[in-house]
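1. Kindly generate the corresponding structure for this input.
(3 chains)
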Amino acid sequence: MNDQTLFSIFFSAMVVNNFTLAMFLGLCPFMGVSARVETALRMGLANIFVLVLTALSVWVLNTYILETVPYLRIISFIIVIASLVQIVEMAVKKLSPTLFRQLGIFLPLMTTNCAILGLAIFQTNRGYGFLQGLTFAVGAGLGLTLALVLMASIRESLEFSDIPGIAKGTGLVLIIAGILSLAFMGFAGLL
Amino acid sequence: MSEEGMNEGLEVQDSGTPPEQESPAKAEVSTFQLVATLAVAGALAGLLIVLVNQHTKPIIDKYKAEQLRKAVYEVLPGAEHYDTYYLVDGSLSLSLPEGAKESDFKRVYVGYTAAGQRLGVAVSRGESGFQDVVQIIFGFDHVTGKLTGMKVLDSKETPGLGDKIYKDKAFVDQFFAGPETPLVPVKSGAGKGLPNEIDTITGATISSKTVIGIINHGLEEWKPILDQGIPQAPARSVDEEAQQ
Amino acid sequence: MRTTTPSQDFIRGIWDENPVLVQMLGLCPALAVTNSVKNALAMSAATFFVICCSSVLVSSCKRFIPNEVRISAYILVIATFVTLADMLLQAYAPVQHKELGAFMALIVVNCMILGRQEAFASKNNPFRSLLDAVGTGIGFTIALLMMGGFREILGTGAFLEYSLFGPNFEPWVIMVLPAGGFLTLGFILLAMGYAEHRKKANEIVNEQVKTAL
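-> Model (predicted):
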C-alpha cells in the first residue's frame, strides 16, 4: 500500500528523481543514441511504450502470481521484459521499418536497459497500485525522453565547436550529464 | 507446493520467448529442444533459489522483526513489548480477516511497559520530502497526544543538509522531549516557547517540515480511531507478539 | 580468442579492457552506488560473485545450450545468481543491502556480465572463463573503488568513514550527489584521455627523433 498522490509520483519520476540524471538508469541509450535530437526523441517514445507495458505486466505479476513467491521476482521480471521487448521489436519491424532501422541495436538492447527493470523493481518496492504504477511509468518515460532530448540538443550544438581532443567522446558527454544533473537538482523541493 | 507450481509457471514464460525469437532461424534445433532446454534451466534455477531462500529467509525475517522492534522501543521509551493492531473496516483489530494480505492493511504498534501497562502508540508513515519519500516511525501517548519519540527509517534527503533530520541530535531530541501536538514548525530561535513548537533546521526547512507534517497527518488519521478505544489483547498473545 | 594465453585472459580485463573505464559497460552501478567506498565494495563483491559463477556455469554447459536461445539462457543464469547474491547479502549484510537497494537487483542488466558470457564464456573452457571473469571482476572493482574513493574523500572528507581532514574541512557535498557521479567519471575519462594523448605525442616525437638521426 502506498498513498502517494498520482501527481507527486508523476512529477517525482519525471524531474525531481529523473531516471537518467538522478538515478543513473538507462545510461546506455543516453550515451549511445543522444547524438541526434530526432533519434533521441524516437528512442524516448519507444522507451515510454515499453515502460508502460512493463508497468502493466509487473502489476499483473505482483498481484496475481508473485504474492506467494516473492523471491522469484527478479527472474520473472527479466523474463517478462525480455519477451515484451521481443514483441515490441517485431511490432516496430512490421509497422515502421524506418524507425526499426534508426533505433538499430538499441531496440533489442532494451532488455538490458536498467530503466525498464529498475521501473519494475521500484514499482514493487514502493507497493504502487495499478494507476500509480501506470503514472510512474509514464512519468519515468517522459523523464527519460526529456533527458535524452536535452542531451541530444546540447551535443548537436557542440558538434562544430572547437573541443580539445582529449575531451571528445564519452568524457564530454558525462560532464554535460553532470551539469544537467546539477540543473535538475533545482527541481527538488517542488513536491 | 506453491513453489513447485511457480516453477512450472516460470517454464511456461520461458518457453514463450524462444519460439517468437528464433523460429525463423535455420531449423537445425527443433522448437521442442529449445523449449526443453530453457524449461530444464528454469526448473534448476527455481530449485536453487528455493533452496537458498529456505536457508536465508528465517535470518532475513528475524532481522526485519528485530529492526522494527528496536524502532518501536526507541520511539516509545520504556516499552518492553508491543502488539500490532491492523485497521480493519475502520476499527482496530489484532487479527486480519480470513485470506487477507498483511501488506494491504494500515497498522499501529501499541507498546506496553514490563508491567503490562499501555504506554503509547507507534505509527510508521511516509510522505514526499525534498528529494523522495521520507519514511519515519513516531510514538505518542494515545491519551494526551504528546509525542514520545521519532525515528527516520528511510530518506534520500540531501547529504549535509536534509539528512540532518536524523543526524542533527538537537533536532531529533525535540521529538523525545514530549512536545504537545499538533506540532508547529518555527524558525530556530524564533519560537514563543509554546509546548508544541519544533525548531526547524537551518538550510533544511522543507525536510524538517516534512517530518513535522508526517507526524501531524499521522495523528489526524489515527487519533480519532484510537479514541474509540483499543481492543484489549489477550495476555498470552502479547508475549508471543513480543517474542517475534 | 585462441591466440591469448591464460594469463592474458586474466590481465586483459583489469586495465587494458577495463569494463567501466574503457568499455563503458556497467555504468549504471558504477555511478549509482559509488557515493561511498563501502557501497562500492559491496556492489563489487556482489557483481564479482555473479560474474564468476555465471561464467563458470555458462562455459561448462555451453554444449547443452542451443545457439538460438543462448541469450535467454544467459540471462536466466545471471538472474538466478543475482537472486542468490541478493538473498545472501540481505541475510548476512542487511545494512549494505539496504544501501544498495534496487541496484542489487539491477546487476542482472549489467551489460558487462552478459557481455563476458557472450564474448568469452560461451567459447572457452571453464578454467579460462573463470580467469576472464576474475580479471573483469577485478577491473570492475578497481573502477568502482576509484570512483567511490574520490567521491567519499571529497564529498564527506572521510575514507571508509574515518575523517581525513579534521572538522574544518567543508565537504564538497556535490560529489556524493548524482551530479558528482557523472562529473567524477567524466574527469577520470578526461585524465585517461590526456595520458593516452601524451603517450601518443611522445611516441610521435620519438619516431621523429629516430628518423632525424
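2. For chain B, give me the ranges with low pLDDT.
-> By pLDDT under 70, the low-scoring segments of chain B are B:1-28, B:234-244.
3. right, quick check: the longest helix belonging to chain C against chain B, any contact?
-> Taking DSSP state H as the criterion, chain C has its longest helix at helix C:178-212. No: Helix C:178-212 stays clear of chain B (Cβ under 8 Å from any Cβ of the partner chain), getting no nearer than 10.1 Å. For glycine as for every other residue, the C-beta is placed from the backbone atoms N, C-alpha and C.
4. Give me the buried positions along that helix.
-> C:178-186, C:188-190, C:193 (16 or more other Cβ atoms under 10 Å in any protein chain shown).
5. is it possible to export these to CSV including distance to chain A?
-> Formatted as CSV, the buried residues of helix C:178-212 follow (distance: Cβ to the nearest Cβ, whole Å):
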residue, distance to chain A
C:Pro178, 5
C:Ala179, 4
C:Gly180, 7
C:Gly181, 7
C:Phe182, 3
C:Leu183, 4
C:Thr184, 8
C:Leu185, 5
C:Gly186, 3
C:Ile188, 8
C:Leu189, 4
C:Leu190, 5
C:Gly193, 4
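6. just these now: which is nearest C:Gln208?
-> C:Gly193 (22.5 Å; Cβ to Cβ).
7. how about C:Gly13, what does it touch?
-> Residues counted as contacts of C:Gly13 (Cβ atoms under 8 Å, 6 or more residues apart in numbering or on different chains) are C:19, C:132, C:135-139.
8. rerun at 7 Å
-> C:19, C:132, C:135-136, C:139 (Cβ atoms under 7 Å, 6 or more residues apart in numbering or on different chains).
9. Can I get the buried residues of helix C:178-212 in JSON lines including pLDDT?
-> Listed next are the buried residues of helix C:178-212 as JSON lines, based on pLDDT from 0 to 100:
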{"residue": "C:Pro178", "pLDDT": "89"}
{"residue": "C:Ala179", "pLDDT": "91"}
{"residue": "C:Gly180", "pLDDT": "92"}
{"residue": "C:Gly181", "pLDDT": "92"}
{"residue": "C:Phe182", "pLDDT": "94"}
{"residue": "C:Leu183", "pLDDT": "94"}
{"residue": "C:Thr184", "pLDDT": "94"}
{"residue": "C:Leu185", "pLDDT": "93"}
{"residue": "C:Gly186", "pLDDT": "92"}
{"residue": "C:Ile188", "pLDDT": "92"}
{"residue": "C:Leu189", "pLDDT": "91"}
{"residue": "C:Leu190", "pLDDT": "91"}
{"residue": "C:Gly193", "pLDDT": "87"}
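10. just curious, which of these is nearest to A:Val173?
-> Of these, the one sitting nearest to A:Val173 (Cβ to Cβ) turns out to be C:Gly186, at 7.9 Å.
11. For chain C, what lies in contact range of chain B?
-> C:64-66, C:68-69, C:72-73, C:76, C:80, C:83-84, C:87-88, C:90-91, C:94, C:171, C:173, C:176 (Cβ under 7 Å from any Cβ of the partner chain).
12. now do 8 Å
-> Residues of chain C lying near chain B (Cβ under 8 Å from any Cβ): C:35, C:64-69, C:72-73, C:76-77, C:79-80, C:83-84, C:87-88, C:90-92, C:94, C:155-156, C:171, C:173, C:176-177.
13. Give the PyMOL command for selecting the buried subset of those residues.
-> To isolate the buried ones among the residues of chain C next to chain B in PyMOL, judged by 16+ other Cβ under 10 Å, type:
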select buried, chain C and resi 35+65+66+68+69+72+73+76+77+79+80+83+84+87+88+90+91+94+155+156+171+176+177
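14. helices or strands next to the longest helix belonging to chain A in the packing?
-> If you go by DSSP H, chain A has its longest helix at helix A:130-158. Packing partners of helix A:130-158 (3 or more Cβ pairs under 8 Å, 6 or more residues apart in numbering or on different chains; DSSP states H and E): helix A:6-11, helix A:27-32, helix A:37-60, helix A:114-125, helix A:170-185.
15. so which of those is the most packed in?
-> helix A:114-125 (a mean of 25; mean count of other Cβ atoms under 10 Å in any protein chain shown).
16. Could you give me the buried positions within the helix or strand of chain A with the lowest mean pLDDT?
-> In chain A, no helix or strand scores lower on mean pLDDT, DSSP states H and E than helix A:97-103, which sits at a mean of 80. For helix A:97-103, burial by neighbour count (16+ other Cβ under 10 Å) applies to A:99-100, A:102-103.
17. Next: stretch A:59-74.
-> Those would be A:59, A:61-62, A:65-66, A:69, A:71-74, for stretch A:59-74 by 16+ other Cβ under 10 Å.
18. Determine how far the last residue of that stretch lies from the first.
-> 14 Å (Cα to Cα, to the nearest Å).
19. hmm, that stretch touching chain C?
-> Yes: residues of stretch A:59-74 contacting chain C under Cβ under 8 Å from any Cβ: A:71-74.
20. Kindly report the same for stretch B:165-183.
-> No: using Cβ under 8 Å from any Cβ, stretch B:165-183 stays clear of chain C, coming no nearer than 11.8 Å.
21. Now do that stretch: everything it contacts.
-> B:77, B:134, B:138, B:140, B:144-152, B:155, B:157, B:164, B:195-199, B:201, B:204, B:207-208, B:210-212, B:215-216, B:219-220.
22. Quick one, which of these are buried?
-> B:134, B:138, B:140, B:146-152, B:155, B:157, B:164, B:196-199, B:201, B:204, B:207-208, B:210-212, B:215-216, B:219.
23. Now for chain B: which strand has the highest residue count?
-> strand B:118-128 (DSSP state E).
24. Dump it to CSV, keeping only the CA atoms.
-> Presented in CSV, the C-alpha positions along strand B:118-128 are these (Å, rounded to 0.1, in the frame of the first residue of the first chain):
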residue,chain,number,x,y,z
ARG,B,118,-0.2,0.6,27.9
LEU,B,119,2.5,3.2,27.2
GLY,B,120,1.6,4.7,23.9
VAL,B,121,1.2,4.0,20.2
ALA,B,122,3.8,4.0,17.4
VAL,B,123,3.0,4.7,13.8
SER,B,124,5.1,4.3,10.7
ARG,B,125,4.3,6.8,7.9
GLY,B,126,5.9,8.3,4.8
GLU,B,127,5.4,11.4,2.7
SER,B,128,7.3,13.2,0.0
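25. Determine which residue lies closest to the centroid of chain C.
-> C:Phe140 (1.9 Å; Cα atoms, centre = their mean).
26. my guess is that residue contacts C:Cys111, does it?
-> No: using Cβ atoms under 8 Å, C:Phe140 is not in contact with C:Cys111, being 11.7 Å away.
27. can you list the residues of chain C near chain A?
-> C:24, C:27-28, C:31-32, C:72, C:75-76, C:79-80, C:82-83, C:86-87, C:101-102, C:105-106, C:108-111, C:114, C:174, C:177-183, C:185-187, C:189-190, C:193-194, C:196-197.
28. Now do the domain split for chain B, please.
-> For chain B, the structural domains run B:2-66, B:78-243, going by automatic domain parsing.
29. Next up, the contacts around the nearest residue to C:Thr4 once chain neighbours are set aside.
-> Spatially, and ignoring its direct neighbours in sequence, C:Thr4 is nearest to C:Arg12 (7.4 Å; Cβ to Cβ, 6 or more residues apart in numbering or on different chains). Contact analysis of C:Arg12 by Cβ under 8 Å, 6+ apart lists C:4, C:132, C:135.
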